[in-house]
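[1] just the structure for this:
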Amino acid sequence: MQTDYHNHLERGTLTLDYLKEFTNTAAKKGIEEFGISEHAYHFYQTKNILSNPWVEERRYYDMADYLQLFQEAWNQDIPVKMSIEMDYTPGKHAEMKKFMEAYPFDYVIGSIHWVEDFGIDLAEFRKEWDRRDTYYVYKKYFDQVVTLAESDLFDIIGHLDLVKIFKYVPEDESFLLEQYERATTALANSKTCVEISTAGLRKPVRELYPDKRLLQMCFNKGVPIVLSSDAHVPEHVGADFDQAIKLAQSVGYTKIMTFSKGERLEKDLG
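    Presented below is the predicted three-dimensional model:
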């Protein structure tokens, strides 16, 4: 079983023809379970959850159109899961819960892209890394991983160590491992699965998410996994899954989690 649960239509259109480019690629690559998880900040219905100048320039979708797209796909028996990737926003648990419960998502991904006013993975903010304390950013990032897990709102946490995207990494390994330790403990006490994402191979860091040491801690503590490409174009669907599977197996995983309308079932990885 292979899954690809983290994918985006934002560079194209919310149309059946464009969606089919993704699902057709998934089928050709033997991916049995495929889902679209558009960024929640694009939708007018999330304005009360996350709002800043960068986001507001990119808020142009309505959830009614998103729902209609999936309904059209299901009417034609196109196998696609409906999801959303929500920016985890501290202090907005009630608002996030209300939004997520309002729609028939198969699963929900929670991701951390913002540390206070700092868009950690955005090209527009990259120079900020040279002006900020890397240790402070990492501490605050993993603070959010912990509270995301403790909220128990999300089925999957996206790209668990996205914070390394531009290769700014604390030199003190003991500090880094401390962040991994507390993050994985919180995840183990939640329903949240971790995705092994191949997107990092296409980013400046040129590594899978998460780091092998971090994934090993996940396995040791019984945190389930899924596979994801975080494709923003059809050709990236299922990209480099051989490497993702190899990493998963190297730390001991033999199963992955699958989702359907909030229900979960573990299946053999491969």
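
[2] excluding chain neighbours, what is closest to His232?
    Nearest residue to His232, sequence neighbours excluded (CB to CB, 6 or more residues apart in numbering): His8, at 4.8 Å. Placement of C-beta: from N, CA and C, glycine included.

[3] which residues does that neighbour contact?
    Contact partners of His8, counting by CB atoms under 8 Å, 6 or more residues apart in numbering, are 36-39, 85, 230-232.

[4] distance of it from Asn24?
    Distance, His8 to Asn24, by CB to CB, to the nearest Å: 16 Å.

[5] show me what contacts the most centrally placed residue in the chain?
    Geometric centre of the chain, nearest residue: Gly158, 2.4 Å, by CA atoms, centre = their mean. If a contact means CB under 8 Å, 6+ apart, then Gly158 has 6, 85, 109-111, 195, 197, 228, 230 as its contacts.

[6] and Leu16, its phi and psi?
    When quoted as degrees, to the nearest 10, the phi and psi of Leu16 stand at phi -60, psi -40.

[7] let me fix that: Gln76
    phi -100, psi 10.

[8] confidence score at it?
    We have a pLDDT of 96 for Gln76.

[9] and for Gly270?
    We have a pLDDT of 79 for Gly270.

[10] next: Thr254.
    97.

[11] residues contacting the closest residue to it other than its chain neighbours?
    Closest residue in space to Thr254, ignoring its immediate chain neighbours: Leu269 at 5.7 Å, by CB to CB, 6+ apart. When contacts are counted by CB under 8 Å, 6+ apart, Leu269 touches 1-2, 225, 227, 245, 248-249, 253-256.

[12] from what I see, Phe99 and Tyr41 are in contact.
    No. Checked against CB atoms under 8 Å, the pair Phe99 and Tyr41 is beyond contact range at 11.4 Å.
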